[in-house]
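Novice: Need coordinates for the below:
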Amino acid sequence: MDEIRTELYKIDMNNTRDILKFYKKHMLYYENLNKAIDKMTIEEFILVKQKYCIALDNMNRYSEGITILEQVYKLLDRLKNKSSDYYSRFYENTLFWEGILLGRQEKYIESNEIFKKLIVLDPKNERYVDWYLTNKECLISKKTGIIEYLFSAAFFITIVWGDKLFDDTLFLVKLSVFVFLISLIAFKQLYRKLIKIPGAQNTSLVQ
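Specialist: Next up is the predicted model:
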């Protein structure tokens with residue numbers, strides 16, 4: 001254990017390649033959560049796994065990252081009653097990366113459940129708010145994407161074959177499709193401003 005810890009102190013934990021190589025080399029040790037009993041070792045395990053999770057995100061290995069975070073939550077449960085100075089920071093950082101990884105997997109609703117908690121914890125954190133808003137935008141784009149595509153196709157058809165298909169009503173058809181498309185685009189542009197930020201009105205919810 002001392003040899004692993006000494007090696008850990010020598011690597012750049014913010015370097016994706018270094019942390020991936022280190023974790024792979026010592027995977028059997030860090031995957032055995034029974035090794036993490038005392039406060040210092042639990043903190044070390046959490047730190048290593050969080051850094052590894054960030055490296056996995058950089059490599060687009062999101063499902064693996066979620067699995068690692070499940071282990072981190074178990075370690076946090078052990079750390080909670082050990083008077084750790086780092087518990088709150090570890091907990092908040094774990095929530096943050098869970099939210100990110102869920103968002104990367106296009107699980108926008110689940111991701112925003114996480115970011116709601118984070119915004120309540122820290123309402124002024126712009127990074128949390130921005131992720132929450134981005135998830136909302138992705139969700140509305142996902143829902144309206146097919147409709148936007150269909151009306152874009154309809155507009156194209158009216159331009160190319162409108163004279164043959166609609167005769168005297170061509171102008172009204174073109175106008176209706178065009179107005180709908182412009183309205184949809186305008187709504188998507190304004191959507192971010194219409195979103196209500198959790199806890200923005202009631203900061204007393206902070207726990």
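
Novice: helices and strands of the protein: which one bottoms out on pLDDT?
Specialist: helix 170-194 (a mean of 62; mean pLDDT, DSSP states H and E).

Novice: OK, contacts around Asp57?
Specialist: Residues counted as contacts of Asp57 (Cβ atoms under 8 Å, 6 or more residues apart in numbering) are Gly65, Trp97, Ile100, Leu101, Arg104. (Glycine included, C-beta is placed from N, CA and C.)

Novice: Next, format the residues you listed as JSON lines and append pLDDT, distance to Ile54 and neighbour count.
Specialist: Below are the contacts of Asp57 laid out as JSON lines (pLDDT from 0 to 100; distance: Cβ to Cβ, whole Å; neighbours: other Cβ atoms under 10 Å):
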{"residue": "Gly65", "pLDDT": "97", "distance to Ile54": "8", "neighbour count": "27"}
{"residue": "Trp97", "pLDDT": "98", "distance to Ile54": "7", "neighbour count": "20"}
{"residue": "Ile100", "pLDDT": "97", "distance to Ile54": "9", "neighbour count": "19"}
{"residue": "Leu101", "pLDDT": "98", "distance to Ile54": "10", "neighbour count": "24"}
{"residue": "Arg104", "pLDDT": "96", "distance to Ile54": "12", "neighbour count": "15"}
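
Novice: Tell me which of those residues fall in helices.
Specialist: Among the contacts of Asp57, DSSP state H puts Gly65, Trp97, Ile100, Leu101, Arg104 in helices.
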